[in-house]
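Engineer: Fold the following for me, if possible:
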Amino acid sequence: MNWITYILQVNLYLIVTFGFYWLLLRKETFYNANRFYLLTASILSFAIPFWQSGIIQSWAVTEQVSTVVKTIPLAGFTVTNLAETPTWDWNLLLANIYFMGFGFGLLRFSIGLFKLQQLFSLSNLDGQAFSVFGKIFIDKKLDHYDVIKNHEEVHSKEFHSLDVFWFELLGALCWFNPIAHIMQKEIKLVHEYIADEKASEQLGSKKVYAQVLVSSHFKTNKNVLVNHFYNKSILKTRIMMLSKEKSKKNALLKYGFTAPLFLGMLVLAAACVDNDSTLQPTKDLNETGVISSLQKKSVTEGEIFMAVEKKPEFPGGVNEMYKHISREITYPAAAQRAGIEGRVFVKFVVRKDGSVGDPEILKGLGFGCDEAALKVLETMPTWKPGTQNGKPVNVYFTMPFLFGLEKEAKTSQTPPPPPSIKKGTPLYYVDNKLTSFEAVKKLNMNNVKTLTVLEEQDAIDKYGKTPHGVVEITMK
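Structural biologist: Now for the predicted structure:
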């Protein structure tokens, strides 16, 4: 699992779980249950993506979700230049942006800690009342001192400061997600509900306690890491919840729906464990496709895994695999004449011995495109097998092959490397000048504006006798 996939999963789970809370649980008076839910949901959102339960992965629904997730083409696997390292690395750019935001969040958190340390040595509270990490700070000159003390003791005894610290750290980790910042405010609000409820019970009257809240005027410290008795922005909400009738016991049934919610998250996490095995090769328009002989090979023996601890690896890495695919993929002439475009989805197995087999067309196009995709698998070398519990195992892969045409000629938006033609060599024209294949291979592909392949009649009409086609290259 790459870091982008992990961060996206975490934030998706935060959104889903908080959405459930906001719609079903927020207005209930089971404040301790709500606190537990928010804490559990936030922690599990970070932990679930690492969950690799063999039982869940074996469920039929997990396999179905995995198939759907793993056949979605990801921009990160679109090859733009196989000859050289891309100038623009989107993963690096996203990483820089993310860690800049994370660094700013940590800086804000550190400033809060520094100010908190200063509070511990504060001698003159001057009308303030708050608590942090078991320590209670109340100006003894304040009216209703005992009521305020009871309120702050609840925060202290139930370690509400730990919740606040965790959600501040969560806000730094997920700084770009507004839900993370809403959760920071919500957990503090729940803390106040809990403390208000218990303090009003000790006072013996919710009405009198509400009057204390309304009549009290405090100087508040702006440090986000402490629990304040008086917070004007949430005062109205606290009084409304204080006077609200207690929720009926059958409302607890709503919390039972959290079980299928978290189970669904586990299924999605299990389906996404090996999500980066989805590959999208670019097209290379060279030859005519042939039917793969892999379909004639024996069926894989033993269990086949959807996700493993260590995924199979193409020899030489991902870049070498892209180069191999670019050399071998074909665009059948029949599909070109018929104007057929789209994706062919192929599912196959990388066996425990590293061989590739058991191809299955999940979605085909016909007109030779299916056979062209299978032919690529037939030419695959031996992979480094995937492992589970330290042992080589059979692993499923799903790969989409993209076939696309331009109106007049097949021009790639991002130039692939010069085609490697096995049966004969085409003519190469660079900026309308006939150029040798050796000279073409030395071109800087970052400076290529367009690359157009003319085959059969198109090449003959423009250049005369050209038995192996023409490749036109326009430089920037």
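
Engineer: Now Met380: which helix or strand?
Structural biologist: Assigned by DSSP states H and E, Met380 belongs to no helix or strand.

Engineer: Nearest spatial neighbour of it, chain-adjacent residues omitted?
Structural biologist: Val356 (4.4 Å; C-beta to C-beta, 6 or more residues apart in numbering). Any C-beta I mention is one placed from the backbone N, CA and C, and that applies to glycine too.

Engineer: Distance of that neighbour relative to Phe176?
Structural biologist: Distance, Val356 to Phe176, by C-beta to C-beta, to the nearest Å: 39 Å.

Engineer: Of those two, which one has the most company?
Structural biologist: Ranked by neighbour count (other C-beta atoms under 10 Å), Val356 and Phe176 place Val356 first, with 22 against 14.

Engineer: That one contacts Leu374, doesn't it?
Structural biologist: No: Val356 is beyond contact range of Leu374, at 10.7 Å (criterion: C-beta atoms under 8 Å).

Engineer: in its sheet, what does the longest strand anywhere in the chain sit against?
Structural biologist: Longest strand in the chain by number of residues (criterion: DSSP state E): strand 391-403. Sheet pairing of strand 391-403 (DSSP bridges) gives strand 304-305 (parallel), strand 342-350 (antiparallel), strand 386-388 (antiparallel).

Engineer: so which of the ones you listed gets nearest Ala439?
Structural biologist: Nearest to Ala439, of all the strands paired with strand 391-403, is strand 342-350, at 34.4 Å by C-beta to C-beta.

Engineer: The closest one - what's its average pLDDT?
Structural biologist: For strand 342-350, the mean pLDDT works out to 84.

Engineer: separation between the closest residue to Asn389 other than its chain neighbours and Gly390?
Structural biologist: Nearest residue to Asn389 in three dimensions, chain neighbours excluded: Glu309, at 7.2 Å (C-beta to C-beta, 6+ apart). Plainly put, Glu309 is 8 Å away from Gly390 if you go by C-beta to C-beta.

Engineer: what about these two, which has more around it?
Structural biologist: Between Glu309 and Gly390, Glu309 has the larger neighbour count (other C-beta under 10 Å), namely 14 against 7.

Engineer: Val350 - how many residues pack around it?
Structural biologist: Val350 has 30 neighbouring residues, counting by other C-beta under 10 Å.

Engineer: mind checking pLDDT for the closest residue to it other than its chain neighbours?
Structural biologist: Closest residue in space to Val350, ignoring its immediate chain neighbours: Pro312 at 4.0 Å, by C-beta to C-beta, 6+ apart. pLDDT for Pro312: 87.

Engineer: So for the helix or strand encompassing Phe109, what gets flagged as buried?
Structural biologist: According to DSSP H and E, Phe109 maps onto helix 90-120. For helix 90-120, the neighbour count (16 or more other C-beta atoms under 10 Å) marks Tyr98, Gly105, Phe109, Gly112, Leu116, Leu119 as buried.

Engineer: elements contacting it?
Structural biologist: Secondary-structure packing of helix 90-120 (3 or more C-beta pairs under 8 Å, 6 or more residues apart in numbering; DSSP states H and E): helix 3-20, helix 160-173.

Engineer: what about these, which gets the closest to Ile194?
Structural biologist: Smallest distance to Ile194 across the helices and strands packed on helix 90-120 (C-beta to C-beta): 7.8 Å, for helix 160-173.

Engineer: Any chance of TSV for the helices and strands packed on helix 90-120, columns mean neighbour count?
Structural biologist: Listed next are these as TSV, based on neighbours: other C-beta atoms under 10 Å:
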stretch	mean neighbour count
helix 3-20	18
helix 160-173	19
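
Engineer: Of these, which is nearest Asp431?
Structural biologist: Nearest to Asp431 among these is helix 3-20 (38.9 Å), distances taken as C-beta to C-beta.

Engineer: next one: the next helix or strand after that closest one to chain centre, how far?
Structural biologist: The helix or strand immediately downstream of helix 3-20 is helix 31-47, counting by DSSP H and E. Remark: helix 31-47 is offset 21 Å from the chain centroid, using C-alpha atoms, centre = their mean, to the nearest Å.

Engineer: And stretch 14-29, by the same measure?
Structural biologist: That offset, for stretch 14-29, works out to 22 Å (C-alpha atoms, centre = their mean).

Engineer: export that stretch as PDB, just CAs?
Structural biologist: Output in PDB follows, covering the C-alpha atoms of stretch 14-29 (Å, rounded to 0.1, in the frame of the first residue of the first chain):
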ATOM      1  CA  LEU A  14     -13.100   9.700   9.000                       C
ATOM      2  CA  ILE A  15     -15.800  11.200   6.700                       C
ATOM      3  CA  VAL A  16     -18.000   8.100   6.700                       C
ATOM      4  CA  THR A  17     -17.800   7.600  10.500                       C
ATOM      5  CA  PHE A  18     -18.300  11.200  11.400                       C
ATOM      6  CA  GLY A  19     -21.200  11.400   8.900                       C
ATOM      7  CA  PHE A  20     -22.800   8.500  10.700                       C
ATOM      8  CA  TYR A  21     -22.300  10.300  14.000                       C
ATOM      9  CA  TRP A  22     -23.700  13.600  12.800                       C
ATOM     10  CA  LEU A  23     -26.800  12.100  11.300                       C
ATOM     11  CA  LEU A  24     -27.700   9.500  14.000                       C
ATOM     12  CA  LEU A  25     -25.900  10.000  17.300                       C
ATOM     13  CA  ARG A  26     -25.100  13.700  17.700                       C
ATOM     14  CA  LYS A  27     -28.500  14.700  19.300                       C
ATOM     15  CA  GLU A  28     -28.600  11.800  21.700                       C
ATOM     16  CA  THR A  29     -27.900  12.400  25.400                       C
END
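
Engineer: Run through who's touching that stretch.
Structural biologist: Residues outside stretch 14-29 that contact it (C-beta atoms under 8 Å, 6 or more residues apart in numbering) are 33-34, 37-38, 41-42, 44-45, 174, 177, 179-180, 182-183, 186, 193, 197, 241, 244-247, 251, 254-255, 257-258, 261, 265.

Engineer: The chain: strands as residue ranges?
Structural biologist: 129-132, 135-138, 227-228, 304-305, 342-350, 356-363, 386-388, 391-403, 410-411, 427-430, 433-435, 448-454, 470-475.

Engineer: Kindly reformat the ones you listed as JSON lines containing distance to His151.
Structural biologist: Below are the strands of the chain laid out as JSON lines (distance: least, C-beta to C-beta, whole Å):
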{"stretch": "strand 129-132", "distance to His151": "8"}
{"stretch": "strand 135-138", "distance to His151": "10"}
{"stretch": "strand 227-228", "distance to His151": "9"}
{"stretch": "strand 304-305", "distance to His151": "55"}
{"stretch": "strand 342-350", "distance to His151": "60"}
{"stretch": "strand 356-363", "distance to His151": "61"}
{"stretch": "strand 386-388", "distance to His151": "54"}
{"stretch": "strand 391-403", "distance to His151": "57"}
{"stretch": "strand 410-411", "distance to His151": "71"}
{"stretch": "strand 427-430", "distance to His151": "79"}
{"stretch": "strand 433-435", "distance to His151": "82"}
{"stretch": "strand 448-454", "distance to His151": "70"}
{"stretch": "strand 470-475", "distance to His151": "74"}
